[in-house]
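Need a 3D model of the sequence below.
(chains A, B and C)
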Amino acid sequence: MKTNPGRFFEDYKVGDVIRHAVPRTVSGGERALYHALYPARHAIYSSDEFARSCGLPAAPIDDLAAFHVVFGKTVPDISLNAVANLGYAEGRWLKPVFAGDTLRSESEVIGLKQNSNGKSGVVWVRTRGLNQNDEIVMEYVRWVMVRKCDESRPAPETVVPELAPVVAASDLVIPEGLDFTGYDFTLAGEAHRWGDYEIGEKIDHVDGVTIEEAEHMMATRLWQNTAKVHFDATFREDGRRLIYGGHVISMARALSFNGLANAQMIVALNGGAHANPCFAGDTVRVWSEVLDKAETAAPGVGAIRLRLVALRHGAEPFSLRTDDGRYGSEVLLDLDYWALMPL
Amino acid sequence: MKTNPGRFFEDYKVGDVIRHAVPRTVSGGERALYHALYPARHAIYSSDEFARSCGLPAAPIDDLAAFHVVFGKTVPDISLNAVANLGYAEGRWLKPVFAGDTLRSESEVIGLKQNSNGKSGVVWVRTRGLNQNDEIVMEYVRWVMVRKCDESRPAPETVVPELAPVVAASDLVIPEGLDFTGYDFTLAGEAHRWGDYEIGEKIDHVDGVTIEEAEHMMATRLWQNTAKVHFDATFREDGRRLIYGGHVISMARALSFNGLANAQMIVALNGGAHANPCFAGDTVRVWSEVLDKAETAAPGVGAIRLRLVALRHGAEPFSLRTDDGRYGSEVLLDLDYWALMPL
Amino acid sequence: MKTNPGRFFEDYKVGDVIRHAVPRTVSGGERALYHALYPARHAIYSSDEFARSCGLPAAPIDDLAAFHVVFGKTVPDISLNAVANLGYAEGRWLKPVFAGDTLRSESEVIGLKQNSNGKSGVVWVRTRGLNQNDEIVMEYVRWVMVRKCDESRPAPETVVPELAPVVAASDLVIPEGLDFTGYDFTLAGEAHRWGDYEIGEKIDHVDGVTIEEAEHMMATRLWQNTAKVHFDATFREDGRRLIYGGHVISMARALSFNGLANAQMIVALNGGAHANPCFAGDTVRVWSEVLDKAETAAPGVGAIRLRLVALRHGAEPFSLRTDDGRYGSEVLLDLDYWALMPL
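Numbers count the residues shown, from 1 in each chain, chains lettered A, B, ... in the order given. Below is the predicted model:
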């Protein structure tokens, strides 16, 4: 067999480190495409001049674009036979990625738990994205349910990693040199600073985008994510292509600009759930909730912890869970992250 | 309220200068996307070598791409609550934009006139795009009809700016160093030079393009234009996304290559009307009319004033107005501009 | 007439050299778009670091992207009035194309044969792509059937060029400096080396992609290919846009990564047939057959000759010809090429 059948549950061992294939050099091309695919407007990623006024050497590639590049490489090794993407934790952006940088990924298997039906199991991996200098630019834990190939194979010893429910504010890594003391709120697009947001505050971001097949496929290919389900309309019985969850994350984050224009840089991913599948034709709307706030050591820079919820059109504003505690059927995404904002 | 509700008619005052948000650094990525979204082939924007043979340091970003970047930034402040985009005047390109340049925009309110129904009014703004050295790269006047939020607010004093019906040839700014004396007509794609065009001459550009949702949305997002009506299929009652008028302008200009390949650079926008809305599925065709010609001080460089008309498929060639003087229902665009052409 | 009516059969003369219009400078933008439009993952084109580990100065633009840029320029002069694209031969990539390079094309007419019906004829051209230093980066022979404009014009003397059925292994040009002795198979994505492939071996590449209108139009425009049939839904009687054959070639090559990840660089195009038209909505799958193998003088570098067949969804795996020797109705492409692979 020359083609890659993907790994099955019994192919993972705790402690294995998988070096993922196909390193990627990013350029202004990736930046332009990111802005063509999402209504992204955070100024630090749009303008070299604005980024320099904030102490960075140039505008980095969007934080989520870096995430997608790192994530995409893991798909052929981690989620080709995945039944479900179950969660994220302990995600941190450690270094901005600039045009000219080359990224690769590796994942360590940190947990395994066979399901009681013996047909599948949960695999936890800690994935790291590295640049051409072998510096870790980001890391996160992801867990997925993966099918077994041979159900007669014995279950591995169960190892469930202890994961932080949220990245502690003291563990956030602020990009070197970041300084918001000279921040230009007019150029950034909104006047609201860190002090203007209150824990518990909810924001309806108002705008909506109707998603097209060509767009989500172009995005998903750009990140070199190879999962058939996103590209092949004959793969699922209903003839619909499932949209890569990361496309919904980026769309939601970009739509949250209107009300959170100054939540400039994502620095941690505390958790996230793709509550329901998203398909072309869906119109996505989003709302946010301020979950926490923290100070940082960087001049003028505060941290804000946000819940970001994406809804399919037709949902009530601010809807999330039904009375039984489950996600409503119109909820696409429930994401929990830390961002940096001027004080 | 954290989100931007947009400005209403009563929020504008003559003399106000609005600095628009989200500066943008452009790169080869914007250029490649422009060529993927439109059938653009003017050689000076396609080839660094050709641009250098014309005295420029490199191929600039397409003139209309620069316009869209500048224009897009104005939308959240000028046209979020616009009922209609009424016109353009006194547009001039003052400096080519190159990869690496960072653009921002500002607009001065130069006119206000409340409508007799008291529900809306016309706002005139003069918008300038500036680069990282605070040089004005382009400017234009635009007027839009904007809703009032509170109809009981008194009408402002009416100020209707005097606008030139056409930019005088003597006011055209030729890019520094431009020299068409060594112009390679074969590489440019056509043999027709400035002297070959006659005032009154009409050209049917023959080619047509059928427009897709994914394309116009990617284009409009790339220019960071945030108007809901272009992206959200649930926003209008008929469930159709209105295509950004600038998308039609760029499509029309690119289609005019076939017959006007040597009208290399647009240097002035005398006026323009989006005569009817354009929707995905429309097949766009275009025709041009030579309105005027002028010499310039630059070596080998002539100026040609052109009308560019975009039609929806099914329209008669060269159709424009019906007997009552109104635009025909198949007319999408009527644009009046000056371009530079080798003598 | 200012617009280009295209050339008709009687307009070609053996020995004519046509310099094609609109040179193009490529950048990281073209690379990013190529990866957004196709599931391309060959590491040497994705990562500057990987390319450098193979002896190149940086990651070149994808071999087929270079082909498309060169090919696109020929369309207005060669195939605007073509009835059919009949074949390719003697294609060779002679120099990698890097970001910043400017490409132009020229074609020499090397054969003419009027059809017996007197209404059309076959034109053979040898096309060369040149960079800004006038170095030939690639060349190929293509022949097309072209309509006559005036059927009363006498037939030209018939000249049918002798074309090699396959580029000899000894004529393959290996990029300067290429060295696969330090090749990283893990980063490349597969362990199979040149020695692991046997002549006659067939590979079903498993993956499939459903094609969208917006994608093939963006690709075709990016290569500045102007053939109406790809863009104008009103042009053909059935209202369908015909997908540029080169879009199918690139999609097929990218899909063959799964099983041929180490067939890094295409260096020769021996032949190819667009067996049936491809339309939006088609789901493309591919299979390959190893036709030949050869050693090269470059360190660690072997050559592999491959047949690449693209099928429309629903076709049997490995299907190609029916009992009467014709291509099956589900066959989209039958391509024969040489690629370089680590020993």
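
which element follows the longest helix along chain A toward the C-terminus?
What stands out as the longest helix in chain A, according to DSSP state H, is helix A:63-78. Remark: after helix A:63-78, the chain's next helix or strand is strand A:82-93, criterion DSSP states H and E.

re earlier: can you spell out which helices and strands pack onto the longest helix of chain A?
If you count contacts as 3 or more C-beta pairs under 8 Å, 6 or more residues apart in numbering or on different chains; DSSP states H and E, helix A:63-78 packs onto helix A:28-37, strand A:82-93, strand A:102-114, strand A:120-130, strand A:136-147, helix A:213-222, helix A:245-255, strand A:265-273. Bear in mind the C-beta positions are built from the backbone N, C-alpha and C, glycine included.

what mean pLDDT does it have?
Average pLDDT, helix A:63-78: 97.

any chance of the helices and strands packed on helix A:63-78 in a markdown table, with distance to chain B, mean pLDDT and mean neighbour count too?
Output for the helices and strands packed on helix A:63-78, formatted as a markdown table (distance: least, C-beta to the nearest C-beta, whole Å; pLDDT from 0 to 100; neighbours: other C-beta atoms under 10 Å in any protein chain shown):
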| stretch | distance to chain B | mean pLDDT | mean neighbour count |
| --- | --- | --- | --- |
| helix A:28-37 | 3 | 98 | 26 |
| strand A:82-93 | 21 | 94 | 20 |
| strand A:102-114 | 17 | 98 | 21 |
| strand A:120-130 | 21 | 98 | 23 |
| strand A:136-147 | 20 | 97 | 22 |
| helix A:213-222 | 4 | 98 | 26 |
| helix A:245-255 | 9 | 98 | 25 |
| strand A:265-273 | 15 | 98 | 23 |
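
Dump these to JSON lines, plus distance to chain C.
Shown next, in JSON lines, are those (distance: least, C-beta to the nearest C-beta, whole Å):
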{"stretch": "helix A:28-37", "distance to chain C": "3"}
{"stretch": "strand A:82-93", "distance to chain C": "16"}
{"stretch": "strand A:102-114", "distance to chain C": "4"}
{"stretch": "strand A:120-130", "distance to chain C": "11"}
{"stretch": "strand A:136-147", "distance to chain C": "14"}
{"stretch": "helix A:213-222", "distance to chain C": "4"}
{"stretch": "helix A:245-255", "distance to chain C": "12"}
{"stretch": "strand A:265-273", "distance to chain C": "21"}
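
hey, where'd the strands end up in the stretch 151-300 of chain A?
Here the stretch 151-300 of chain A has its strands, by DSSP state E, counting those that start in this stretch, at A:202-210, A:265-273, A:283-295.

Is A:Asp150 part of a helix or strand, or is it coil?
coil (DSSP: H, G, I helix; E, B strand; the rest coil).

Give the full set of residues in contact with the residue nearest to A:Gly87 when sequence neighbours are not counted.
Once flanking residues are discounted, A:Gly87 sits nearest to A:Trp143: 5.4 Å by C-beta to C-beta, 6 or more residues apart in numbering or on different chains. Shown in contact with A:Trp143 (C-beta atoms under 8 Å, 6 or more residues apart in numbering or on different chains): A:Leu86, A:Gly87, A:Gly111, A:Val122, A:Val123, A:Trp124, A:Val125.

ok, the third one - contacts?
So the one you mean is A:Gly111. Going by C-beta under 8 Å, 6+ apart, A:Gly111 touches A:Val14, A:Val122, A:Val123, A:Trp124, A:Trp143, A:Val159, A:Val160, A:Pro161.

How much space separates it from A:Leu86?
A:Gly111 is 11 Å from A:Leu86, where distance means C-beta to C-beta, to the nearest Å.
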